[in-house]
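> only geometry, no sequence info:
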């Protein structure tokens, strides 16, 4: 039996047979429960893995192994775009190769717990897993290619002049403190994200109930080769609304948007964000920033085509 | 003695700065909390996440927003 069956009954009872309202209540409650539980677990686990600890793992490795490790660590470590700069400098300074640093910088925001929860709740575990696995592969491949291009000279010069301190920050926290900290973080994040979820689910419910079937099949179907790159481009300025966009995507898929195009769009929303690029410009010369964006966008577009072809 | 909050100017960093100011006030300390937005200072301290709370140039909180009681305890412990 579906563990959300009671929620389903409740939603049906209070929506008076209005289908989009039923849809809205059910999805909102389900995502709220999943967000609270999964974010709590992830932020508790993540209190054991800090970037300061992981960087030691990444300095001396075989090329591709370092990229894989960096992308995997990117899934669990905390990442907010405000940490991108100290993280970048700290990695590069301590001898982590540039390509490995990029693998981390791609995977950390793209494969994040909020996107995973929404995909899990709305699309099921298969699509969530597909998103996570392909996100990690893109991070590994793009980071590997960038590493092979020897672009160190395109990192802003001041970065190399900073002397990283040897202050071994060791946080001795008790289990109780970790749990409490995870609890504080969960409340903070759910508060921040949930308004977007409500808006997204609301718009999604409206599309679900009132937009004509096959609305997108003709304009954004698999036969339109331009649909994937356009979806990637539209995703760039939409960063802060990642939580609100996935529920809308779900309804658009019902109306004929192919899954590959949808996944490419979501990846672009999370990984190619405009605010993050502005932040990265502080450490990357314009040429490197453009190369980074282009290769990442190509990787995401390719993934979109791939899934449109094989699914 | 010095108390510093370091961050890149993100909302979480500002919140930590405000909480720290309040903590200092509640502890009846006559210290000014310094707010530093130069990220290279974070790296020079040997850490990589923002925000950072440092007491006497030693990082005591790195990369998350604690509650005010924890800030008070850490300031008292590291004075």
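The structure has been received and is ready for your questions. On a predicted model such as this, the values are computed, not experimentally measured, just so you know. Numbers count the residues shown, from 1 in each chain, chains lettered A, B, ... in the order given.

> so what's the residue count around residue A:258?
When counting by other CB atoms under 10 Å in any protein chain shown, one arrives at 24 neighbours for residue A:258. The C-beta positions use only the backbone N, C-alpha and C, and glycine is treated the same way.

> check contacts around it.
By CB atoms under 8 Å, 6 or more residues apart in numbering or on different chains, the contact set of residue A:258 is A:220, A:221, A:222, A:227, A:307, A:308, A:311.

> phi first, then psi, for residue B:34.
Summarising the backbone geometry of residue B:34 under the convention degrees, to the nearest 10, its torsions are phi -90, psi 140.

> tell me how far the residue nearest to it when sequence neighbours are not counted lies from residue A:141.
With CB to CB, 6 or more residues apart in numbering or on different chains as the criterion, residue B:34 has its nearest non-adjacent residue at 4.4 Å, and that residue is residue B:4. When CB to CB, to the nearest Å is applied, the distance between residue B:4 and residue A:141 equals 40 Å.

> residue A:256 too?
From residue A:256 over to residue A:141 the distance is 30 Å, taken as CB to CB.

> quick check: residue A:85 vs chain B, distance?
Here the distance between residue A:85 and chain B works out to 5 Å (CB to the nearest CB, to the nearest Å).

> skip the chain neighbours and tell me the closest residue to that residue.
When the adjacent residues along the chain are set aside, residue A:85 lies closest to residue B:39, with 4.6 Å between them (CB to CB, 6+ apart).

> residues in contact with whichever strand or helix holds residue A:116: which ones?
Under DSSP states H and E, the secondary-structure element containing residue A:116 is helix A:113-123. Residues from elsewhere that reach helix A:113-123, judged by CB under 8 Å, 6+ apart: A:27, A:30-31, A:34-35, A:38-39, A:42, A:127-128, A:131-132, A:189, A:193, A:197, A:242-243, A:246-247, A:250, A:266, A:270.

> ok, now with 6 Å
The contact list for helix A:113-123, computed with CB atoms under 6 Å, 6 or more residues apart in numbering or on different chains, reads A:30-31, A:34-35, A:38-39, A:42, A:127-128, A:131, A:193, A:243, A:246, A:250, A:270.

> about what we covered before: per-residue pLDDT of the residue nearest to residue A:85, please?
At residue B:39, the model reports a pLDDT of 81.

> and it, how many neighbours?
Taking other CB under 10 Å as the neighbour definition, residue B:39 ends up with a count of 28.

> tell me the contacts of it?
With contact set as CB under 6 Å, 6+ apart, residue B:39 has these partners: A:85, A:86, B:8.

> so of the residues you listed, which ones are in helices?
Using DSSP state H to define helices, the subset of the contacts of residue B:39 located there is A:85, A:86.

> most neighbours, which of the contacts of residue B:39?
Going by other CB under 10 Å, residue A:86 tops those with 30 neighbours.

> ok, that residue touching residue B:48?
Yes: the pair residue A:86 and residue B:48 passes the contact test of CB atoms under 6 Å, sitting 4.9 Å apart.

> before we move on, the earlier item: just give me the closest of the contacts of residue A:258 to chain B.
Minimum separation from chain B among the contacts of residue A:258 (CB to the nearest CB) is found for residue A:307, which lies at 33.7 Å.
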